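A.B. asks: Just the structure for this:
(chains A and B)
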Amino acid sequence: MTFTAARGASAVPRRPRPGTARRHALPYLLLAPALITFAVFKAYPILDSLRISFTTGTGSASHDAGWANYRRMLHDPLFWTALRNTGEILAVQVPLMLGLALLLALGINSALVRMRAVWRLGVFMPAVTGLVATGVMFSFLLNTDQGALNWVLHSIGLPKVDWLGQPFWARIAVVLVLTWHYTGYNAVIYLAGLQGIPRDLHEAAMVDGAGPLRRFWSVTLPSLRPILLFTVVLSTIGTLQLFDEPYVLTQGGPDNATLTVSMYLYQNAFHYFDFGYASAIAYGLTVLVVLLGAVQMRLMGERE
Amino acid sequence: MTIVNHADGAHRQGSDQSAGPRKPGSSEGPVRKARRGGWTLTLVLAAVTGLSVGPFYWLLVTSTQADSDIYAWPPKLLPAGHLIQNLRDLQEKIGLLRVLGNSLLLAGLQTVGALVIALLAGYAFAKFRFRGRSLLFALLLSTLVVPDQVTLVPLFQMMMRFHLIDSYASIVLPGLCVPFAIFLMRQALSSLPDELLDAARVDGAGELRVLVSVVIPVMRPVLAALSVFLFLGSWNQFVWPLITLRDPQHYTLPVALATLHGVESNTDYGAIVAGTALSTVPMMILFLVLQRQFIAGLLAGATKG
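C.D. replies: I've put the predicted structure just below:
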């Protein structure tokens, strides 16, 4: 997502007018509530977190620790497990979800389809559901012995799956739940993008003899690129911060198979009260988010 | 670069206008084939929608069943008459009414506060030239890439220092400045013609008057979209309330549900499912009523080039 830079503040020298002083103060007055709450509850904590990441101990007993927390992080097998889990979920889930969302959007957008408003609404519904509600709902649906999903598998002759008890399946379960939750949301965003593509482009391509696949590659995908980039970056950021779903579904288990970086951060901060280490992990995560976002922007970004 | 375009986009989706090419049917054959293809595609979409909505159906039906039937095999897929009992259990276990009231109050306060702050800031960014404008705007937006988890520990310590742990203020205050909302407001307001504002000023309206009688009425759809968006966000908020709230009397619905769900020996599945349904249904209704504005609001962020 690119933001158009605001036009320069001092572009044209203006003649002072009556009441100018008041008008000069006005924008700052309008901004004051935003800036004050921003400074106190966003900017300050972000900077303070950096400071805390270089300390050890809590409260008045905290003291300078140099790079110790960061060194510890690099040598902490559990941190690497959490990072690997997060990375694996990311690598599988984001392409799966966005691919499905694109297919879904193309389907709903098709001229042949009836009742498209209904489908659009239906697939979007999960996005409105809270994370806890989603987690609780699926912990029932995915129950090994009595869950509805295993009942469906059973009735078509497939064996039951130990969704939340086996490391491998637990990860699949997290991917499933995330995909259920966010595919429709992305599909609706793609749908808006598809409808923004001028019809002439498709018609011109058709006159040139391009078939449907060719038109998809040469017209649809390039036109969607900014929106694809937006969803890829946003989903990546979201998945890197994954916390709620595994927290409610599996508590990070079994055997730490669904422990994510965010959960590990949370555990260190609010189970062991090791604020310094938790802050170091938070900053590690930030660096990752920024790096991955930058790489994606570079790979997919438009050359303007 | 206007939000109005995106609202239009949503309108267009609502109508059955097609963006896809349609060949003029010169002979019977292709038309019939296309029609059959259309039905197949419609069926596929119906199936996908079923997968999307299915869990909600299960949730609603199950919330009306007795504890012992919730894990029935095969699952019972028709409503029974235990909803009231389940809600009564929920009231007993987590103080449902109290918790629901907390959720409503906190989400309401947070929404109104964030909306007012975003409106004022968005107005300033969109309609005034002042020193530091682009820098401040960039600063606000840059925090979008910082994961929320970064602020958890410092915020917790701040709330400890101010003795605000376990207070409503600890939930509402950090939710007041929402950079994304400010961004959306600015985008929407920059499409508002300056002439409209100047006309009001020429007529002798003060700045506050301009804001209240010109800007707010024109921006009503955007404000509606944004308030649904903000309300939903605070209603579903989980990690931060989980950290800062201590007294079960202060819990919000998601926190209460998560603790109820987490208790090892808990077998009161009826209460848990009913509570989950209760946390979902109001949002569903709100979404269904305001879906057009809501989707337009979400898209405004995505389709800004």
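A.B. asks: Out of the helices and strands in chain A, which is least certain?
C.D. replies: strand A:63-64 (a mean of 82; mean pLDDT, DSSP states H and E).
A.B. asks: touching chain B at all, it?
C.D. replies: No - using CB under 8 Å from any CB of the partner chain, strand A:63-64 never reaches chain B; the gap is at least 15.3 Å. For every residue, glycine as well, the C-beta is placed using N, CA and C.
A.B. asks: same question, stretch A:277-295
C.D. replies: Yes - using CB under 8 Å from any CB, we find that stretch A:277-295 touches chain B at A:278, A:279, A:282, A:283, A:285, A:286, A:289, A:290, A:293.
A.B. asks: Quick one: distance of that stretch to the chain centre.
C.D. replies: The chain centre lies 14 Å from the centre of stretch A:277-295; the measure is CA atoms, centre = their mean, to the nearest Å.
A.B. asks: what's the average pLDDT for it?
C.D. replies: Stretch A:277-295 shows a mean pLDDT of 91.
A.B. asks: And for the closest residue in space to residue B:99 that isn't next to it in sequence, the neighbour number?
C.D. replies: The shortest distance from residue B:99 to any residue other than its chain neighbours is 4.6 Å, reached at residue B:256 (CB to CB, 6 or more residues apart in numbering or on different chains). Residue B:256 is flanked by 27 other residues according to other CB atoms under 10 Å in any protein chain shown.
A.B. asks: circling back to that earlier point, any of the residues of stretch A:277-295 next to chain B buried? List them.
C.D. replies: Neighbour-count burial (16 or more other CB atoms under 10 Å in any protein chain shown) applied to these gives A:278, A:279, A:282, A:283, A:285, A:286, A:289, A:293.
A.B. asks: Mind checking which of those residues are in helices?
C.D. replies: Per DSSP state H, helices hold the following members of these: A:278, A:279, A:282, A:283, A:285, A:286, A:289, A:293.
A.B. asks: Touching, the first one and residue A:268? I think so.
C.D. replies: Same thing as residue A:278. Yes - in this structure, residue A:278 is within contact of residue A:268 by CB atoms under 8 Å, at 4.2 Å.
A.B. asks: so does stretch B:74-81 get close to chain A?
C.D. replies: Yes - using CB under 8 Å from any CB, stretch B:74-81 reaches chain A at B:74, B:75.
A.B. asks: Any stretches of the chain with poor pLDDT?
C.D. replies: In the absence of a named chain, this looks at chain A. Applying pLDDT under 70 to chain A flags the ranges A:1-23, A:58-61, A:301-304.
A.B. asks: um, chain B though
C.D. replies: Residue ranges of chain B with pLDDT under 70: B:1-30, B:263-267, B:297-305.
A.B. asks: can you rerun that using 50?
C.D. replies: B:1-26, B:304-305 (pLDDT under 50).
A.B. asks: Let's check: the centremost residue of it is which one?
C.D. replies: residue B:232 (2.9 Å; CA atoms, centre = their mean).
A.B. asks: pretty sure it is in a strand, no?
C.D. replies: No - counting by DSSP: H, G, I helix; E, B strand; the rest coil, residue B:232 falls outside a strand, being helix.
A.B. asks: Contacts only, for it.
C.D. replies: Contact analysis of residue B:232 by CB atoms under 8 Å, 6 or more residues apart in numbering or on different chains lists A:128, B:283, B:286, B:287.
A.B. asks: Find the pair from the residues you listed with maximum spatial separation.
C.D. replies: Spatial extent of the contacts of residue B:232 (CB to CB) is set by the pair A:128 and B:286 at 8.2 Å.
A.B. asks: if you count what's nearby, which of those two comes out ahead?
C.D. replies: residue A:128 (21 against 17).
A.B. asks: With adjacent residues omitted, what lies nearest to residue B:209?
C.D. replies: residue B:200 (7.2 Å).
A.B. asks: thinking that neighbour is in contact with residue B:208, fair?
C.D. replies: No - using CB under 8 Å, residue B:200 makes no contact with residue B:208, being 11.3 Å away.
A.B. asks: With neighbour numbers in mind, choose between those two.
C.D. replies: Between residue B:200 and residue B:208, residue B:200 has the larger neighbour count (other CB under 10 Å), namely 18 against 9.
A.B. asks: What distance do you get for the more buried one to residue B:119?
C.D. replies: Residue B:200 is 17 Å from residue B:119, where distance means CB to CB, to the nearest Å.
A.B. asks: One more: residue A:240?
C.D. replies: For residue A:240, the distance to residue B:119 - CB to CB - is 31 Å.
A.B. asks: One more: residue B:146?
C.D. replies: 24 Å.
A.B. asks: Who has more neighbours out of these two?
C.D. replies: The neighbour comparison of residue B:146 against residue B:119 (other CB under 10 Å) goes to residue B:119, with 24 against 21.
A.B. asks: quick one, what contacts the more buried one?
C.D. replies: B:185, B:215, B:216, B:219, B:223 are the contacts of residue B:119 under CB under 8 Å, 6+ apart.
A.B. asks: And those residues, which of them are buried?
C.D. replies: B:185, B:215, B:219, B:223.
A.B. asks: my guess is the third one contacts residue B:187, does it?
C.D. replies: No - here residue B:219 lies out of contact with residue B:187, judged by CB under 8 Å, at a distance of 11.4 Å.
A.B. asks: where's whichever residue of the stretch 201-304 of chain A sits closest to chain B relative to residue A:69, distance?
C.D. replies: Using CB to the nearest CB, residue A:282 is the residue of the stretch 201-304 of chain A that sits closest to chain B, at 4.3 Å. Residue A:282 is 10 Å from residue A:69, where distance means CB to CB.
A.B. asks: likewise residue B:61?
C.D. replies: Distance from residue B:61 to residue A:69, by CB to CB: 49 Å.
A.B. asks: neighbour count winner among these two?
C.D. replies: residue A:69 (25 against 17).
A.B. asks: which stretch of helix or strand covers the more buried one?
C.D. replies: helix A:68-74 (DSSP states H and E).
A.B. asks: Pull the distance from that helix to the chain's centre.
C.D. replies: In terms of CA atoms, centre = their mean, the centre of helix A:68-74 is set 26 Å apart from its chain centre.
A.B. asks: How about it and chain B, any contact?
C.D. replies: No - judged by CB under 8 Å from any CB, helix A:68-74 makes no contact with chain B; its nearest approach is 11.9 Å.
A.B. asks: what's that helix in contact with?
C.D. replies: Residues from elsewhere that reach helix A:68-74 (CB under 8 Å, 6+ apart): A:53, A:54, A:56, A:79, A:276, A:277, A:279, A:280, A:281, A:284.
A.B. asks: three-state assignment of the closest residue to residue B:83 other than its chain neighbours?
C.D. replies: Excluding its sequence neighbours, the residue lying closest to residue B:83 (CB to CB, 6+ apart) is residue B:64, at 4.4 Å. Taking three-state DSSP as the rule, one finds residue B:64 in the coil state.
A.B. asks: Got the phi and psi for residue B:64?
C.D. replies: phi -100, psi 10 (degrees, to the nearest 10).
A.B. asks: and it, what does it touch?
C.D. replies: Residues counted as contacts of residue B:64 (CB under 8 Å, 6+ apart) are B:79, B:80, B:81, B:82, B:83, B:86.
A.B. asks: Using JSON lines, lay out the residues you listed together with neighbour count.
C.D. replies: Formatted as JSON lines, the contacts of residue B:64 follow (neighbours: other CB atoms under 10 Å in any protein chain shown):
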{"residue": "B:79", "neighbour count": "13"}
{"residue": "B:80", "neighbour count": "13"}
{"residue": "B:81", "neighbour count": "9"}
{"residue": "B:82", "neighbour count": "21"}
{"residue": "B:83", "neighbour count": "17"}
{"residue": "B:86", "neighbour count": "26"}
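A.B. asks: Select from those residues every entry located in helices.
C.D. replies: B:83, B:86.
A.B. asks: of all the contacts of residue B:64, which comes closest to chain A?
C.D. replies: Distances from chain A to the contacts of residue B:64, taken by CB to the nearest CB, are shortest for residue B:86, at 13.7 Å.
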